[in-house]
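Colleague: Predicted model and sequence follow; I will ask about them next.
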Amino acid sequence: QVQLVESGGGLVQPGGSLRLSCAASGFTLDDYTIGWFRQAPGKAREGVSCITNSDEIRRYSDSVKGRFTISRDNAANTVYLQMNNLKPEDTAVYYCAAGGWYASSWDIWDAYDYWGQGTQVTVSS
């Protein structure tokens, strides 16, 4: 069974850090570009970052550039999203997704083939 599972979410104070993980089962992540998305209550889903299968390309949304870092460990079948200097506006459910690489649609949810169930990130004092 193909499955993506996110973990690492939680409650953190503004300025704090979290590292999210996206683990795959039933398939190998090194065949896929992995994207991270987030959705806050009442807001549209937003593409946050992506990394191609061989790590030659990484993308970030303007809202997280310089604060978030995506990486992957293909041996562990896991992709990570290191989130530093977190802000209240980063509060959302974070999802990972697996698919092919399309430069013009890396931040489009429907461009991916598999999706996880999400992990909650709350940034609050």
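Modeller: Structure received. Residues are numbered from 1 along each chain as shown.

Colleague: Quick one: neighbours of the closest residue to residue 28 other than its chain neighbours, just the number.
Modeller: Leaving aside its sequence neighbours, residue 28 sits nearest to residue 77 (Cβ to Cβ, 6 or more residues apart in numbering; 6.2 Å). From N, CA and C alone the C-beta is placed, and that goes for glycine too. By other Cβ atoms under 10 Å, the residues close to residue 77 number 15.

Colleague: swap in the one 4 residues further on?
Modeller: The criterion is other Cβ under 10 Å. On that basis, residue 81 has 25 neighbouring residues.

Colleague: next one: residue 29
Modeller: Neighbour count of residue 29, defined by other Cβ under 10 Å: 23.

Colleague: just residue 95 next, same as before
Modeller: Residue 95 has 23 nearby residues by other Cβ under 10 Å.

Colleague: And for residue 74?
Modeller: Look at residue 74: counted by other Cβ under 10 Å, it has 14 neighbours.
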